[in-house]
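Asker: below: sequence and its predicted model.
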Amino acid sequence: MEINEFTLRRIEAMEAAFDRTALAVRMMESALDTYETVKVDIDRLTEYLESGAWREDFEADEAGLVPQTLKRGVLSEDGLYDLLADIVRLHEHLQELTEEE
């Protein structure tokens, strides 16, 4: 049996697709494992925003009551809301991807 140039290129292309896919799968597995470990944090952040505690802390920061040396990115006006919105979009994207199969 003889292998022609077309067959060799096809094998090379499929090998490249195999390598890209294997890497993406490993990266996705790692990302999902990491995401799973922060689910409790996501729930806590959601409750923090929805309970009104965030608003209290934000207003205290605006009044200068929170030390400037304290990291307080969570109190930025859009930071927490945008992060939680990103999570919703991520869930929707994952749902779309799984429905395509």
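Answerer: Happy to help now that I have it.
Asker: tally of neighbours for residue 71?
Answerer: 6 (other Cβ atoms under 10 Å). To be clear about C-beta, it is placed using only N, CA and C from the backbone, and glycine gets the same treatment.
Asker: what are the phi and psi angles of it?
Answerer: Main-chain dihedrals, residue 71, degrees, to the nearest 10: phi -60, psi 130.
Asker: residue 38 now?
Answerer: According to degrees, to the nearest 10, residue 38 has phi -100, psi 10.
Asker: run a quick neighbour tally on it.
Answerer: Residue 38: 12 surrounding residues under other Cβ under 10 Å.
Asker: per-residue pLDDT of it, please?
Answerer: What the model reports as pLDDT for residue 38 is 97.
Asker: likewise for residue 101?
Answerer: Per-residue pLDDT puts residue 101 at 62.
Asker: shaky segments in this structure?
Answerer: 101 (pLDDT under 70).
Asker: domain map for this protein?
Answerer: Domain ranges of the chain: 1-31, 38-100, per automatic domain parsing.
Asker: quick one, which of the ones you listed is packed in tightest?
Answerer: Comparing the domains of the chain by mean neighbour count (mean count of other Cβ atoms under 10 Å), domain 38-100 ranks first with a mean of 11.
Asker: tell me how far the ends of that domain are from each other?
Answerer: 27 Å (Cα to Cα, to the nearest Å).
Asker: now do stretch 83-93: everything it contacts.
Answerer: 42, 45-46, 49 (Cβ atoms under 8 Å, 6 or more residues apart in numbering).
Asker: what does stretch 32-49 give?
Answerer: By Cβ under 8 Å, 6+ apart, stretch 32-49 touches 54, 74, 80-81, 83-84, 87.
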